[in-house]
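Student: coords below, sequence missing:
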């Protein structure tokens, strides 16, 4: 019985410390804002749109999307050409602005190219991360996780039209 009491006491102390650290880190995460782009930084990172490649109107992109409740149409310049993003409450679809073919980022290298292009336009060198332990450090010890993070970054901030692709492991 004495051993059971002793084990119970020390397990309680260890778990108390674990939960105290968990609580403290949660408070820090709650009150310290996650790094994000200001509106000016986001716009500075966007590529200028090559209007010579845009041959279809936003109305045609909405019709081609088939989204009945389309609420927003955006025209973005990607490394593979301009693309329309048509979004509504039900879905998000990307089309090439020249021929209205689907412009989904189907492969990881496409998403990585979009993310790296965006970073270079903002003046960031992806080979030397600002934070050495950042998940975006491509040259870090876990390149697969870095590419996955770059895919998530590209899909959330640029043009991935398929929600099932976003941040999937």
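Tutor: Thanks, I have it. A quick note: this is a predicted structure, and the numbers were derived from the prediction, not measured.
Student: going forward, measure contacts and count neighbours with C-alpha atoms only.
Tutor: Will do.
Student: Wasn't residue 124 part of a strand?
Tutor: No. Residue 124: not assigned to a strand; according to DSSP: H, G, I helix; E, B strand; the rest coil it is coil.
Student: Could you list the low-pLDDT ranges of the protein?
Tutor: Along the chain, segments meeting pLDDT under 70 span 125-169.
Student: and the longest helix for it?
Tutor: The longest helix of the chain (DSSP state H) is helix 2-31.
Student: next helix or strand past that one?
Tutor: Sequence order places helix 39-44 as the next helix or strand after helix 2-31, per DSSP states H and E.
Student: Which SSE is immediately downstream of that next one?
Tutor: With elements assigned by DSSP H and E, the helix or strand that comes after helix 39-44 is helix 58-65.
Student: on contacts alone, who are the packing partners of that following helix?
Tutor: strand 70-78, strand 81-88 (3 or more C-alpha pairs under 8 Å, 6 or more residues apart in numbering; DSSP states H and E).
Student: Give me whichever of these is most buried.
Tutor: Across those, averaging neighbours per residue (mean count of other C-alpha atoms under 10 Å) puts strand 81-88 on top, at a mean of 22.
Student: Now find how far off-centre the helix or strand just after it is within its chain.
Tutor: Following strand 81-88 in sequence order, the next helix or strand is strand 92-96 (DSSP H and E). Centre-to-centre, strand 92-96 and its host chain are 17 Å apart (C-alpha atoms, centre = their mean, to the nearest Å).
Student: One more: stretch 93-109?
Tutor: On C-alpha atoms, centre = their mean, the centre of stretch 93-109 falls 17 Å from the chain's centre.
Student: How about stretch 17-34?
Tutor: For stretch 17-34, the distance from its own C-alpha centre to the chain's C-alpha centre is 24 Å (C-alpha atoms, centre = their mean).
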